[in-house]
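Asks: what shape does this take:
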Amino acid sequence: MSIIKTIQFNIKGLHCPHCPAKIEKAIIKMNGVYHIHVDYDNQSGELIFNDEISSLSDIANRIEKMGFTFLDPKES
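Replies: Presented below is the predicted three-dimensional model:
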């Protein structure tokens, strides 16, 4: 049984309008990630993924390794 989750999150470290595209490009390549949108103006984002394929922890770690801070994930 697949577990599809939609998560809203905040993010710190977006220094320019190109940062969200960098994150989106890297994360969408992960297996089980179906959608990611990062909003520069609000310093937030939305993520849709299969938790059995890529865990939220794996995704957050990838974002953190890129130099950003992944904050306050909330399932919607």
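
Asks: quick one: mean pLDDT for the longest strand seen in the chain?
Replies: Counting residues, the longest strand found in the chain (DSSP state E) is strand 4-12. For strand 4-12, mean pLDDT rounds to 97.

Asks: and residue 20, what is it in contact with?
Replies: Residue 20 makes contact with 14, 37, 38, 39, 40, 45, according to Cβ atoms under 8 Å, 6 or more residues apart in numbering. In short, each C-beta sits where N, CA and C put it, glycine included.

Asks: now for these, which pair is the farthest apart?
Replies: Across those, the longest distance by Cβ to Cβ is 12.9 Å; it joins 14 and 37.

Asks: looking at the two, which one has more neighbours?
Replies: residue 14 (21 against 13; other Cβ atoms under 10 Å).

Asks: these two touch, right, the more buried one and residue 38?
Replies: Yes - Residue 14 lies in contact with residue 38 (Cβ atoms under 8 Å); the separation is 7.4 Å.

Asks: and stretch 54-67, how far from the chain's centre?
Replies: 8 Å (Cα atoms, centre = their mean, to the nearest Å).

Asks: how about that stretch as PDB, C-alpha atoms only?
Replies: Taking Å, rounded to 0.1, in the frame of the first residue of the first chain, the C-alpha atoms of stretch 54-67 are listed here in PDB:
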ATOM      1  CA  SER A  54      11.500   8.400   0.000                       C
ATOM      2  CA  SER A  55      11.000   9.400   3.600                       C
ATOM      3  CA  LEU A  56      10.500  13.000   4.800                       C
ATOM      4  CA  SER A  57      13.700  12.600   6.600                       C
ATOM      5  CA  ASP A  58      15.600  11.700   3.400                       C
ATOM      6  CA  ILE A  59      14.100  14.700   1.600                       C
ATOM      7  CA  ALA A  60      14.800  17.100   4.500                       C
ATOM      8  CA  ASN A  61      18.400  15.800   4.700                       C
ATOM      9  CA  ARG A  62      18.900  16.400   0.900                       C
ATOM     10  CA  ILE A  63      17.600  20.000   1.300                       C
ATOM     11  CA  GLU A  64      19.900  20.500   4.300                       C
ATOM     12  CA  LYS A  65      22.900  19.200   2.500                       C
ATOM     13  CA  MET A  66      22.300  21.900  -0.200                       C
ATOM     14  CA  GLY A  67      22.700  24.500   2.500                       C
END
